[in-house]
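In: Next come a sequence and a model predicted from it.
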Protein chains: 2
Amino acid sequence: MINSRLAVSVHILALIATHPEQLSSEYIAGSVNTNPVVIRRLTGLLRQAGLLQTVAGKTGATLTKDPAAITLLMIYRAVEPKETLFSMHEQPNPACPVGRNIQSTLDDTFVRAQQALEAELEAETLSDVIHRLASAR
Amino acid sequence: MINSRLAVSVHILALIATHPEQLSSEYIAGSVNTNPVVIRRLTGLLRQAGLLQTVAGKTGATLTKDPAAITLLMIYRAVEPKETLFSMHEQPNPACPVGRNIQSTLDDTFVRAQQALEAELEAETLSDVIHRLASAR
DNA sequence: ATTTCTGTAACTAAACTAATTACATGTAAA
DNA sequence: TTTACATGTAATTAGTTTAGTTACAGAAAT
């Protein structure tokens, strides 16, 4: 199971996008229901990815792009360091025809599957999420 | 990162499918490069899913379907108990409009992404993998 | 009977996740 | 300028997951 960092990050960015006032990490943590440090760790990654700006010591964060220009894939990549989705067993037996070629063979499939998933994440923007949040109200 | 059980299971099934003789869990473990118990745990799950048959105490395992009728999605579902791919944070604040609706909103996206991934796994069969293994030789 | 295999429970080490504590440092208002 | 409060980040912890391993019961075959 993929960790909850994407879910929490989308939550954070949706909050920032829909609130004109500056939100503290403590306030955001109250909405997400977690510890403020968890929020600041994620905003740190989102800042490194160029999705928002913060000023140390100063309350709040600001999006650096329009919500319609922020895809869920950007957010996912920002907070998920692992490049490959599927794990593979290490060092299968090179003396066996199957063992020798299983990694490259499976890699083709795994890359395709991962790309299909990422294409869906790329097709959805923060703006889409915000609109669905509003209509769910 | 998704665990390596799918990769190992495909490896196991490809070995069984391409060897007329009966293969012991120890032999398979030698090709995968792991412990025989790891193999038997996975063949147990694959058997429960109806993909192969074994007889306790008797060497070997036999596929119960044609390799062309076994999709990677069947294998994935057989060895991966978790139904949802993405985790979500628990109990976001219901007093906040974002917190109240983030779960159902994100669930839509996560289900779509997971389905896209699973569609790729469904489009590939054990037979496809075996052919690619053979052409890689 | 003895050997060899599978099935499975139980335990372990390593890795990962999220929560938490602690604190350095920056901002801004009194 | 001092005080209060915020962010950034390192370090620690508890819980979970994964794969590897040991141990052993029970089935099969010689």
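Out: Arrived safely.
In: For residue A:35, which non-adjacent residue is closest in space?
Out: residue A:29 (6.0 Å; CB to CB, 6 or more residues apart in numbering or on different chains). Quick note: C-beta positions are derived from backbone N, CA and C, even for glycine.
In: Look up phi and psi at residue A:59.
Out: Main-chain dihedrals, residue A:59, degrees, to the nearest 10: phi -60, psi 140.
In: correct me, but it touches residue A:21?
Out: No - applying CB atoms under 8 Å, one finds residue A:59 not in contact with residue A:21, separated by 9.2 Å.
In: before we move on, the earlier item: list the residues that contact the residue nearest to residue A:35.
Out: For residue A:29, the contacting residues are A:35, A:36, A:38, A:39, by CB atoms under 8 Å, 6 or more residues apart in numbering or on different chains.
In: And the residue of chain A closest to DNA strand C?
Out: At 2.5 Å from DNA strand C, residue A:57 is the closest residue in chain A, using CB to the nearest atom of the strand.
In: Just the pLDDT at that residue, thanks.
Out: On pLDDT, residue A:57 comes in at 97.
In: Leaving aside the residues adjacent along the chain, what's closest to residue A:75?
Out: Nearest to residue A:75 is residue A:9, by CB to CB, 6+ apart, at 5.1 Å.
In: Report the secondary structure state of the residue in chain A sticking out farthest from the centre.
Out: Residue farthest from the centre of chain A, counting by CA atoms, centre = their mean, is residue A:95 at 40.3 Å. The assignment at residue A:95 comes out as coil when based on DSSP: H, G, I helix; E, B strand; the rest coil.
In: Which residue is the nearest non-sequential neighbour of residue A:132?
Out: residue B:105 (4.7 Å).
In: circling back: quick one, phi/psi of the residue of chain A closest to DNA strand C?
Out: Dihedral angles for residue A:57 - degrees, to the nearest 10 - are phi 90, psi -20.
In: picking that back up, just give me the neighbour total for the residue nearest to residue A:75.
Out: 25 (other CB atoms under 10 Å in any protein chain shown).
In: Rounded mean pLDDT for stretch A:68-80, please.
Out: 98.
In: Just the helices from chain A, written as ranges.
Out: A:5-18, A:25-32, A:36-48, A:72-79, A:97-122, A:126-136 (DSSP state H).
In: tilt between the fourth one and helix A:97-122?
Out: The one in question is helix A:72-79. 120 degrees (axes from the mean of the first three to the mean of the last three CA atoms, to 10 degrees).
In: which residues are contacting helix A:72-79?
Out: For helix A:72-79, the external contacting residues (CB under 8 Å, 6+ apart) are A:5-6, A:9-10, A:13, A:42, A:45-46, A:48-49, A:51, A:118, A:121-122, A:124-126, A:129, B:109.
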